[in-house]
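Chemist: sequence plus the predicted model coming up.
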Amino acid sequence: MSSPSWDYIAKLVCIGDSGTGKSSLTIRLCEGRFSPHHDVTIGVEFGSRVVAVGPPNTTIPKLKLAADSGLPEPRQKEPEIEQKHMKLSLWDTAGQETYKSVTRSYFRGASGALLVFDISRRPTFEHVTDWLNDLRQIAEPDIVVVLVGNKSDLATGDENKREVTKQEAEDWAKRNGVLEYVETSAKSGEGVEMAFGRVAERIYQNIEAGKYDLNDRRSGVKGPGAGQGANKVKLGAPPKRKNGWGGGCC
């Protein structure tokens with residue numbers, strides 16, 4: 001029997017102002033491509049991606065000296081540590097004020113969030129505090145948040161359009177209890193895997209620390225149910241997106 005494709009499923013939300021590239025980040029992670037002309041998200045769109053979490057599955061040779069001869073004993077292997085896999089259920093939310101009431105309703109049951117701004121548009125950075133406050137009023141107290149400065153490709157060359165420095169973004173993250181700050185480019189793919197991976201790894205650490213009830217839907221994390229394969233567990237059934245890829249794109 002083959003092993004399940006994943007061990008846990010976690011709900012992540014991408015939040016931030018409209019036009020910061022939230023949908024492009026989700027498409028880059030799920031489909032490995034950049035969509036320069038993505039329609040404005042109305043309400044919520046969905047995607048998914050399985051990522052590895054925890055220590056890798058490796059064996060470490062152990063070398064000891066024999067007591068009598070002083071020669072090395074045969075190498076012994078440490079017990080193998082099986083690497084875990086987590087399916088990220090990605091909820092890409094609308095950034096327009098018009099849809100904020102809809103967007104907020106999807107914060108419930110999220111275990112992680114990417115708080116996205118555009119490094120070339122300072123107002124989008126100034127609004128992240130409001131987004132974080134909205135999130136923390138509705139989401140679970142232990143939600144893992146990473147601040148993401150998207151469109152890093154616009155901060156290179158002679159036409160550097162950067163309006164927010166790394167230092168001030170990092171300082172904001174520290175002041176507001178956010179896990180860390182990561183710069184990304186949905187266009188080139190730079191930092192995208194890292195941003196989502198940081199959230200997934202911290203969620204896994206929280207699982208190992210027993211911070212979630214894996215049988216409680218509100219925790220935003222699910223593990224395999226009794227008598228079920230791990231890939232049978234679901235966090236709801238998101239509708240199919242209009243461009244064809246939905247909750248199982250990867």
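Modeler: Thanks, I have it.

Chemist: shouldn't Arg33 be within a strand?
Modeler: No - per DSSP: H, G, I helix; E, B strand; the rest coil, Arg33 lies outside any strand segment and is coil.

Chemist: what pLDDT does it get?
Modeler: At Arg33, the pLDDT value in this model is 86.

Chemist: center of the protein - which residue?
Modeler: Phe196 (3.0 Å; C-alpha atoms, centre = their mean).

Chemist: let me see the contact set for that residue.
Modeler: Leu12, Leu29, Arg49, Val51, Leu88, Leu114 (C-beta atoms under 8 Å, 6 or more residues apart in numbering). For glycine as for every other residue, the C-beta is placed from the backbone atoms N, C-alpha and C.

Chemist: do you know how far it is from Arg218?
Modeler: 22 Å (C-beta to C-beta, to the nearest Å).

Chemist: find the pair from the contacts of Phe196 with maximum spatial separation.
Modeler: The most widely separated members of the contacts of Phe196, counting by C-beta to C-beta, are Val51 and Leu114 (13.5 Å).

Chemist: so these two - more neighbours on which side?
Modeler: Higher neighbour count among Val51 and Leu114: Leu114, with 28 against 20, using other C-beta atoms under 10 Å.

Chemist: how much space separates the more buried one from Ser5?
Modeler: When Leu114 is compared with Ser5 (using C-beta to C-beta), they lie 23 Å apart.

Chemist: re the thing from before, next, the buried residues of the host helix or strand of the residue nearest to the centre of the chain.
Modeler: Using DSSP states H and E, Phe196 sits in helix 192-208. By neighbour count with 16 or more other C-beta atoms under 10 Å, helix 192-208 contains the buried residues 192, 195-204, 206-207.

Chemist: over to stretch 128-139?
Modeler: So stretch 128-139, judged by 16+ other C-beta under 10 Å, has buried residues Val128, Trp131, Leu132, Leu135, Arg136, Ala139.
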